[in-house]
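[1] coords below, sequence missing:
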Ligand code: NAP
């Protein structure tokens, strides 16, 4: 039987509607939720992502301000922008669109963001909170994956979850969230030996590699929930990290597009409203 396709669009729509209701409640109390996005340079994909974030904010009645800095802006100018946003009481959430141009020090910029406005959840304080099981901002993409699993009643507790990828943005926080939900978690990466032997044991398999069609059917346990985080631009359009034939083996599968990607922005709205709550009371 082919896998159940997890409809990220539908789940994200519900979350966006919830965000719109929450935002409206704040507006009625005289507080306009406000997300500030810092975009450096002209990277085409980043421009699209930022435009999508602006559109989603507009639909949810969340104010968004995009601060555009030239590709050759200095570290000092970028840091000054972040400091000003930290100090601006009207701004609840701050996001610096990644990747930054090579001459800029990404980790120094992320470390400057007020952890209580860090709606992307990339500040070390928030990674630490996630690690310690404390409340904090959680990176939007792995948080979205957890919400998809919940929406489809895919149980995590006691299951073996395998995450391929160990980035700070996806792989590591994903593993922490699954661990927090009582899965037994294995993290794989480019130096992992005999990857298929490990992935074949996964009840839940998350692919966050960045290589189109990387996970093939022979790497998947029959009936597993396969979550495809990858977004790869190929000559045939967007492709995930999971090969299409995995649908014949898996129990559940997230499509690309229409899966995890849809949830990322929905979680950004949700995190922004959590930030308002943190500041507004
Ligand atoms: P990344 O920083 O490049 O990390 C990729 C990870 O894959 C690394 O940990 C790397 O291992 C591992 N890897 C590479 N080749 C491998 C191999 N042959 N075997 C096993 N592991 C291997 O990428 P990322 O930022 O985590 O993103 C991953 C993918 O998700 C990308 O396609 C990205 O576009 C997509 N993404 C999607 C969303 C969304 O909204 N859906 C959001 C963010 C990212 P090492 O650490 O050993 O190098």
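    Noted; the coordinates are in hand. In this text the structure is predicted, and so the values were computed from the model without any measurement.

[2] okay, now residue 278: neighbour count?
    Residues near residue 278, counting by other CB atoms under 10 Å, number 14. All C-beta spots, glycine's among them, are computed from the backbone N, C-alpha and C.

[3] My error: substitute residue 244 in the last question.
    13.

[4] ok, the residue lying closest to it once chain neighbours are set aside to the ligand distance?
    Nearest non-adjacent residue to residue 244, counting by CB to CB, 6 or more residues apart in numbering: residue 213, 7.8 Å away. Remark: distance between residue 213 and the ligand (CB to the nearest ligand atom, to the nearest Å) = 12 Å.

[5] these two touch, right, residue 213 and residue 246?
    No - using CB atoms under 8 Å, residue 213 is not in contact with residue 246, being 9.2 Å away.

[6] This protein against the ligand: which residues are in contact?
    141, 164-167, 169-171, 188-192, 195, 208-210, 229-232, 260-261, 264 (CB under 6 Å from any ligand atom).

[7] Tell me if residue 35 really is in a helix.
    No - the assignment for residue 35, made by DSSP: H, G, I helix; E, B strand; the rest coil, is strand rather than a helix.

[8] Tell me how many other residues crowd it.
    Count around residue 35 with other CB under 10 Å applied: 28.

[9] Identify the bridge partners of it.
    Judged by DSSP bridges, the bridge partners of residue 35 are residue 64, residue 93.

[10] do the same with residue 164
    With DSSP bridges as the criterion, residue 164 is bridged to residue 188, residue 207.

[11] now the helices for the chain?
    In the chain, helices defined by DSSP state H lie at 8-28, 44-59, 75-87, 106-112, 124-132, 140-151, 171-180, 195-199, 260-280, listed in chain order.

[12] Which one of those lies nearest to residue 224?
    Proximity to residue 224 (CB to CB) singles out helix 195-199 among these, at 8.7 Å.

[13] Identify each buried residue in that closest one, please.
    Neighbour-count burial for helix 195-199 flags 195, 198, 199 (criterion: 16 or more other CB atoms under 10 Å).

[14] Residue 109: which of those residues is nearest?
    Distances from residue 109 to those, taken by CB to CB, are shortest for residue 195, at 33.4 Å.

[15] Would you quantify the distance from the closest one to residue 202?
    11 Å (CB to CB, to the nearest Å).

[16] do residue 140 as well
    23 Å.

[17] and what of residue 60?
    From residue 60 over to residue 202 (counting by CB to CB), the distance is 35 Å.

[18] now swap in residue 102 and tell me
    The separation that residue 102 has from residue 202, given CB to CB, amounts to 35 Å.

[19] of the two, who's got more company?
    Between residue 102 and residue 202, residue 202 has the larger neighbour count (other CB under 10 Å), namely 24 against 6.

[20] For that one, which residues are in contact?
    160, 161, 162, 186, 220, 221, 224 (CB atoms under 8 Å, 6 or more residues apart in numbering).

[21] switch to 10 Å and redo it
    By CB atoms under 10 Å, 6 or more residues apart in numbering, the contact set of residue 202 is 159-164, 183, 185-186, 188, 219-221, 224-226.

[22] Who wins on neighbours among those?
    residue 163 (31 neighbours).

[23] That residue against residue 215, yeah?
    No - contact between residue 163 and residue 215 fails when scored by CB atoms under 10 Å: they sit 11.9 Å apart.

[24] Mind listing the shared neighbours of these two?
    205, 206, 207.

[25] Near the second one, how many residues? Count them for me, please.
    Read that as residue 206. 32.

[26] hang on, it packs against residue 172?
    No - counting by CB under 10 Å, residue 206 stays clear of residue 172, with 11.6 Å between them.

[27] before we move on, the earlier item: tell me the one of the buried residues of helix 195-199 nearest residue 149?
    residue 199 (17.4 Å).

[28] check contacts around the residue nearest to residue 244.
    So residue 213 contacts 230, 232, 234, 239, 240, 241, 242, 243, 244, 245, 246 (CB under 10 Å, 6+ apart).

[29] What sits closest to the first one if chain neighbours are left out?
    Yep, that's residue 230 we're talking about. That would be residue 241: by CB to CB, 6+ apart, it lies 3.0 Å from residue 230.

[30] go on, the second one?
    Here the nearest residue to residue 232 in space, its sequence neighbours aside, is residue 212; by CB to CB, 6+ apart that works out to 4.0 Å.
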